[in-house]
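Trainee: quick one: sequence and predicted model below, then my questions.
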Amino acid sequence: MTGSPSPHATTGLIAVTGATGHVGGLVAHDLAREGARLRLVVRSAARAPQLPGAEVAVATYGDRDRSVAALDGVDVLFMVSAAESADRLDQHRSFIDAAVAAGVRHVVYTSFLGAAPDATFTLARDHWATEEHLRAVGVPHTILRDSFYLDFLPDLAGPDGVIRGPAGDGVVGGVARADVARVAAGILVAADQHAGATYELTGREALSLTEAARIISDVTGREMTYHPETIDEAYASRASYGAPDWQVDAWVSTYTAIAAGELALVTDTVERLTGRRPMTLRELLAPLAL
């Protein structure tokens, strides 16, 4: 499949979760521009984007009854992974069960690159378990395994402009959120063509954090560097945040997954599905150039 999504590819109602966030919001806007029948499933109706013709339903992943009601009549569901929390996997399972109960015909889920029961990145294990639940309930589905978001790389730096973490010299084939959204929008309007597929979504280059920091500095004028920590140093430097253990493990393992080579993959999937090359970090940051 290539090119822009066609509103005629499916006549069903598409539900989009996470429309108040980054990827879900981009997907919702892409679909609205193409005239798709759209329902935004949000936690707060007041925060839902104002899109022409879009319905709004209020539900949280953990509230099964409200989720069933919010998904009633939905043909295809775009399920953005829930916010990081200790019970995120339980929320995912509850929402998938609600989708099945509501009669949703197809689920498109945003997972993570390298999702596996033994993934270094701890949250990728939750993504794997969510994928397993989708397979177990038997609903037709498509899994988008997104690499690390390029958009987030500048946010890794502290106030001093230093990215600190135990990534070593590992590289990451990060992908722009906008490219993920374009892929998702195209799949949602032609879901039957993608049933059972798992897509690994990356950018077109793999960068070390040293290289990423240099590009950010070059383009934005904000001086940024990368300081490789040991694992012990990484835990010590994050202790002051008072975060629960599972969250600190997630933060640190973001970097150790890079060091282990688990995010080095570069695929042609974005271009193959959309007909457009994915953005590089430099291209993504170009609007911020001085």
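Mentor: All right, it came through fine.
Trainee: and the residue nearest the centre of the chain, which helix or strand is it part of?
Mentor: Centroid check for the chain by Cα atoms, centre = their mean gives residue 110 as the closest residue, at 5.1 Å. Secondary structure assignment for residue 110, by DSSP states H and E: strand 106-112.
Trainee: and the contacts of that strand?
Mentor: Defining contact as Cβ atoms under 8 Å, 6 or more residues apart in numbering, one finds that strand 106-112 is touched by 23, 75-81, 96, 99, 121, 123-124, 127-128, 130-131, 134, 139-146, 180, 184, 187-188, 191-192, 194-195, 198. For glycine as for every other residue, the C-beta is placed from the backbone atoms N, C-alpha and C.
Trainee: partner strands of that strand, with direction?
Mentor: Sheet pairing of strand 106-112 (DSSP bridges) gives strand 76-79 (parallel), strand 141-146 (parallel).
Trainee: and the next helix or strand along the chain from it, what does it pack against?
Mentor: For strand 106-112, the following helix or strand on the C-terminal side (DSSP H and E) is helix 122-137. If you count contacts as 3 or more Cβ pairs under 8 Å, 6 or more residues apart in numbering; DSSP states H and E, helix 122-137 packs onto helix 88-102, strand 106-112, strand 141-146, helix 245-259.
Trainee: one more time with 7 Å, if that's ok
Mentor: helix 88-102, strand 106-112, helix 245-259 (3 or more Cβ pairs under 7 Å, 6 or more residues apart in numbering; DSSP states H and E).
Trainee: so for residue 202, which of these sits nearest?
Mentor: strand 106-112 (11.7 Å; Cβ to Cβ).
Trainee: go through that closest one and flag the buried ones.
Mentor: Of all the residues in strand 106-112, those buried under the rule 16 or more other Cβ atoms under 10 Å are 106-112.
Trainee: any chance of these in JSON lines, plus pLDDT?
Mentor: Conversion of these to JSON lines gives the following (pLDDT from 0 to 100):
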{"residue": "106", "pLDDT": "98"}
{"residue": "107", "pLDDT": "98"}
{"residue": "108", "pLDDT": "98"}
{"residue": "109", "pLDDT": "98"}
{"residue": "110", "pLDDT": "98"}
{"residue": "111", "pLDDT": "98"}
{"residue": "112", "pLDDT": "98"}
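Trainee: from those residues, which is closest to residue 44?
Mentor: Of those, the one sitting nearest to residue 44 (Cβ to Cβ) turns out to be residue 110, at 20.5 Å.
Trainee: quick check: that closest one vs residue 17, distance?
Mentor: Look at residue 110 and residue 17: by Cβ to Cβ, to the nearest Å, they are 9 Å apart.
Trainee: list residues touching both of those two?
Mentor: Counting by Cβ atoms under 7 Å, 6 or more residues apart in numbering, the contacts common to residue 110 and residue 17 are residue 80.
Trainee: can you name the residues that contact residue 21?
Mentor: Neighbours of residue 21 in contact, by Cβ under 7 Å, 6+ apart: residue 80.
Trainee: again, only using 10 Å
Mentor: Contact analysis of residue 21 by Cβ atoms under 10 Å, 6 or more residues apart in numbering lists 28, 42, 47, 80, 83, 177.
Trainee: rewinding a little: please identify the deepest-packed of the strands paired with strand 106-112.
Mentor: strand 76-79 (a mean of 27; mean count of other Cβ atoms under 10 Å).
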